[in-house]
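Enquirer: got a sequence here, can you model it:
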Amino acid sequence: MKKRVLYIIIMCLLPIIQITVEAQSVSHNTDSIQISLLTCSPGKEIWAQYGHTAIRYKDEKAGQDIAINYGLFSSDQPFFILRFIFGLTDYRVGAEPMDMFIAQYSYEGRGVIEQVLNISPRDKELIRKALEENLKPENQVYRYNFFYDNCTTRARNIIVDHLHGKIIYPIIKNQNETFRSLIHEWNKNYEWSQFGEDLLLGINADKKVSQSEQQFLPDNLRRDFAKATYNGKPLVIETHELLAPQTSVIESEFPLSPLEVACIFVIICTIMMVISNYKKKMYWVWDTILMLTAGLLGIIYFVMIFSQHPCVSLNAIIFFFNPLPLFFLYKTIKNTKRQESNIWWKIWGVLIILGFIGAFFQHIPTAILIMALFLLLHCILHIRLDKSVKKINRNE
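Expert: As a prediction, the model looks like this:
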């Protein structure tokens, strides 16, 4: 209980402390300066499942020890989730006393590893000036991008860009990684989180990524820094575990997995198709459920085409779930102009087939592929029964 109260007090004081720290100039005595990369272990929140990166700036003579954090944001911002999806989320950089930074991560049960950089006084001065410039109020806010411009890449760039491009990284063993495969390693224990992210990420998330691009993940950057050299010497001179991560218990997100939900859909869909085939008629209530669900999801995927995030804007799942069913929903319910309705079912069926072709170029969750298959079967059954009814009407 005391620990929780302490954390609340710290979080209340943090904005005041940050303003005070940011208002000060970072000390200029480079002989006493130590600059480190801080890598934090994952947290329980969805935005913390991949860890975090910050920079430690320590000047013993000036009595200054602060953490520079490029991952400050507020989930209370209007339309935060939508802004995140469309690449319109703004993050900011801030500074806080190192003991406050450690206290926060200690409360959350997350570990912190420090890598002290082996760089010259001149290098430290350049980084100091860059940090000071970043911490000016007019420069604090930046447009966040999860893969290309996040808290880890910002911290890396502020260091690497002021070391004259002389850092040499070890060659990574796996050259076939993609953005999707990399984050799958970190969210594999969170089925619904992984499923949700796979729904949002499109074709560009499955392209091979360079070593530099892989450093969007905090632990990848820590790994590369640990083996990197600078001016022929190790980039990292010392490594300290400032906090050991606590063993976290993975809480169940939902009683059923995405695949189990898909199986329930398959059972219901199979029952409805068997009944429809036996009765030689389609049921408008079931049609409405399928078409509304697919159409409303399709609107989301259609709008995502205009996302500024390159890994979101092009998504093959739009062939499965698209606004098309909404256009012929009314005619299907009213059961009029059956021949025209038949054409729409054919078009939707063709789009679903194109979606399966897209699955060769983009990873699509198995649960979605299963549901798409039964949507296709539903379209085929509609077309077949429509033909059967028209044939009977002609014979009469």
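
Enquirer: if you average pLDDT over stretch 88-105, what comes out?
Expert: Averaging pLDDT along stretch 88-105 gives 91.

Enquirer: next helix or strand past the lowest-mean-pLDDT helix or strand in the chain?
Expert: In the chain, no helix or strand scores lower on mean pLDDT, DSSP states H and E than helix 2-23, which sits at a mean of 41. Once helix 2-23 ends, the next helix or strand along the chain (criterion: DSSP states H and E) is strand 33-40.

Enquirer: using CSV, list the CA coordinates for that next one.
Expert: What follows is strand 33-40 as a C-alpha-only set of coordinates in CSV (Å, rounded to 0.1, in the frame of the first residue of the first chain):
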residue,chain,number,x,y,z
ILE,A,33,29.5,13.7,-18.1
GLN,A,34,28.3,10.2,-18.6
ILE,A,35,25.8,9.3,-21.3
SER,A,36,24.0,6.0,-21.2
LEU,A,37,21.3,4.1,-23.2
LEU,A,38,18.5,2.8,-20.9
THR,A,39,16.5,-0.2,-22.0
CYS,A,40,13.4,-1.1,-20.1
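
Enquirer: 430 is where my numbering starts, stick with that
Expert: Fine by me, first position is 430 from now on; the one you just mentioned is strand 462-469.

Enquirer: what's in contact with the strand or helix carrying A691?
Expert: Assigned by DSSP H and E, A691 belongs to helix 687-708. Residues outside helix 687-708 that contact it (Cβ atoms under 8 Å, 6 or more residues apart in numbering) are 620-621, 624, 685, 711-712, 715, 794-797, 799-800, 803, 806-807, 810, 814. Where you see a C-beta, it was placed from the backbone N, CA and C, and this is true even at glycine.

Enquirer: give me the buried entries from those residues.
Expert: Neighbour counting with 16 or more other Cβ atoms under 10 Å marks 620-621, 624, 711, 715, 794, 796-797, 799-800, 803, 806-807, 810, 814 as buried within the contacts of helix 687-708.

Enquirer: any idea how far Q604 lies from I734?
Expert: 31 Å (Cβ to Cβ, to the nearest Å).

Enquirer: please apply the same query to I786.
Expert: Note on I786: its distance to I734, by Cβ to Cβ, is 19 Å.

Enquirer: repeat for G784
Expert: For G784, the distance to I734 - Cβ to Cβ - is 15 Å.

Enquirer: show the backbone phi and psi for D488.
Expert: Dihedral angles phi and psi of D488 (degrees, to the nearest 10) take the values phi -130, psi 100.

Enquirer: okay, and the beta partners of it?
Expert: Note on D488: beta-bridge partners I462, Q493, judged by DSSP bridges.
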